[in-house]
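Peer 1: Build the 3D model from these lines:
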Amino acid sequence: MPIDPAQLPPIPPEHAGGQLNERMGIEIVSMSLDEVVGRMPVAGNLQPFGLLHGGANGVLAETLGSTLSALHALPERFPVGLELACTHHRSATSGHVTGTARPLHVGRSTSTSEIVLVDDDGRRVCTARLTCLHRDTRPRVS
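Peer 2: Numbering: from 1, shown residues only. Below you'll find the predicted structure:
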């Protein structure tokens with residue numbers, strides 16, 4: 001049974017300060033079982049030529065897709081990323097990129113999401129696909 005977005009478990013305090021999402025300025029704008037929307041500033045996430053780093057697109061895509069998988073898998077199962085594929089369509093040099101993750105498949109053991117990232121003018125910057133494995137147990141953190 002899917003979880004209500006308001007019931008997502010909090011990040012444990014020992015992990016709260018060093019999260020990649022915070023370092024990259026990612027914020028979740030809205031969450032539902034049908035889609036998760038978030039955004040990230042371009043500034044601070046550039047590669048040496050002044051363009052948004054493709055890896056930053058991947059981090060935003062995986063953040064949104066993993067959150068969507070969590071909404072469908074928790075609390076009985078725990079999602080972990082299994083495969084991420086990104087196609088970069090155009091560059092972004094300023095402003096924000098906004099991503100929308102929507103489910104393509106939701107099963108008991110896996111889920112796959114399509115994540116579309118657009119710039120401030122609504123132009124598609126990246127299309128990503130994330131598949132998550134739904135584990136029976138939470139991974140150990142050492």
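Peer 1: quick one, strands of the chain?
Peer 2: 27-31, 36-41, 78-88, 96-106, 110-118, 124-135 (DSSP state E).
Peer 1: Tell me how far the longest one lies from the chain's centre.
Peer 2: For strand 124-135, the distance from its own C-alpha centre to the chain's C-alpha centre is 8 Å (CA atoms, centre = their mean, to the nearest Å).
Peer 1: Please name every helix or strand in contact with that strand.
Peer 2: helix 54-73, strand 78-88, strand 96-106, strand 110-118 (3 or more CB pairs under 8 Å, 6 or more residues apart in numbering; DSSP states H and E). Every C-beta, even on glycine, is put in place using the N, C-alpha and C of the backbone.
Peer 1: Can you give me the buried ones in the third one?
Peer 2: Just to be clear, that refers to strand 96-106. If you call a residue buried by 16 or more other CB atoms under 10 Å, then strand 96-106 has these buried ones: 96, 97, 98, 99, 100, 101, 103, 106.
Peer 1: which among the residues you listed gets closest to residue 56?
Peer 2: residue 97 (8.2 Å; CB to CB).
Peer 1: which non-adjacent residue is nearest the closest one?
Peer 2: residue 117 (4.9 Å; CB to CB, 6 or more residues apart in numbering).
Peer 1: Name whatever forms a beta bridge with that neighbour.
Peer 2: Counting by DSSP bridges, residue 117 is bridged to residue 99, residue 126.
Peer 1: residue contacts, it?
Peer 2: Contact partners of residue 117, counting by CB atoms under 8 Å, 6 or more residues apart in numbering, are 57, 60, 61, 97, 98, 99, 124, 125, 126, 127, 128.
Peer 1: What pLDDT is listed against it?
Peer 2: Taken from the predicted model, the pLDDT recorded for residue 117 is 98.
Peer 1: if we can go back for a sec, now the contacts of residue 117: which count as buried?
Peer 2: Using 16+ other CB under 10 Å, the buried members of the contacts of residue 117 are 57, 60, 61, 97, 98, 99, 125, 126, 127, 128.
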